[in-house]
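Asks: sequence plus predicted model, see below.
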Amino acid sequence: MENTKKVLDNIKLELPKVPDINDIKLLQLNKAKVENDIIKPKDDLINELYNDNKALHQELSKQVKLINEAEKYQKERDKILEDNKLLNNKVKDLELDYNNRKNDEYKNKEFDIEYKYKHKIKILEKENSHLHKIVDRFYETVEKFIEWVCKKFGLGESKELVRDFEKETNTLIDSEKQLKKEEREKEWDLEM
């Protein structure tokens, strides 16, 4: 690249000075022949070389600009890669620092909290299961009681009694259905 810059700086774009034919007195007699056979072809060659030299100069100028841009981008790329490497090292250092701060005491506290949480969940699941059994048993007892009352007092089918009760009191015997109904009513009230 440096050599190309030097060559580019040393190229001369001016035409060389050619002696005037009139200055040559000895050749005055054969002026036309010398001019056509020697000087004109030489001048044509000089013009051709001059044009080639100009084209080469333009091409070299373009290449120098491209190389300058490439060097600029290479420097920017190297800087970005260096910054990225520094950031990655900082992240690794922070991760190591964070992991080193986790000591046995912290792990023990975490284990204790998790154990207490799981223990509490098991207790609540047992209580929930027990409550479901109680509710199911109560529901069965209520159904049996309704059937017994209907037979004892001759009220007809227990289903009719239950239907009449639900219609008159706007309350469902099935507690799950009743809860869903109440939730829908709350949603309707909120929408209005």
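Replies: All right, it came through fine.
Asks: kindly list the main-chain dihedrals of E157?
Replies: The phi and psi values for E157, taken as degrees, to the nearest 10, are phi -70, psi 140.
Asks: now do the host helix or strand of Y117: distance to the chain's middle.
Replies: For Y117, the host element (DSSP states H and E) is helix 104-153. Distance of helix 104-153 from the chain centroid (CA atoms, centre = their mean, to the nearest Å) equals 47 Å.
Asks: which strands and helices sit next to it?
Replies: If contacts are counted by 3 or more CB pairs under 8 Å, 6 or more residues apart in numbering; DSSP states H and E, helix 104-153 sits against helix 158-169. In this view, the C-beta of every residue, glycine as well, is placed from N, C-alpha and C.
Asks: what's the offset of the helix it packs on from the middle of its chain?
Replies: Taking CA atoms, centre = their mean, one finds the center of helix 158-169 at 62 Å from the center of the full chain.
Asks: hey, C-alpha coordinates of it in PDB?
Replies: Extracted in PDB, the C-alpha atoms of helix 158-169 (Å, rounded to 0.1, in the frame of the first residue of the first chain):
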ATOM      1  CA  SER A 158     -87.400 -36.300  46.000                       C
ATOM      2  CA  LYS A 159     -86.300 -34.700  42.700                       C
ATOM      3  CA  GLU A 160     -89.500 -32.700  42.600                       C
ATOM      4  CA  LEU A 161     -89.000 -31.500  46.100                       C
ATOM      5  CA  VAL A 162     -85.500 -30.500  45.400                       C
ATOM      6  CA  ARG A 163     -86.600 -28.700  42.200                       C
ATOM      7  CA  ASP A 164     -89.300 -26.800  44.100                       C
ATOM      8  CA  PHE A 165     -86.900 -25.900  46.800                       C
ATOM      9  CA  GLU A 166     -84.300 -24.600  44.300                       C
ATOM     10  CA  LYS A 167     -86.900 -22.600  42.400                       C
ATOM     11  CA  GLU A 168     -88.500 -21.000  45.500                       C
ATOM     12  CA  THR A 169     -85.300 -20.200  47.300                       C
END
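Asks: what angle sits between whichever helix or strand comes after that helix and helix 104-153?
Replies: Using DSSP H and E, the helix or strand that follows helix 158-169 in sequence is helix 175-191. Interaxial angle, helix 175-191 versus helix 104-153 (axes from the mean of the first three to the mean of the last three CA atoms, to 10 degrees): 110 degrees.
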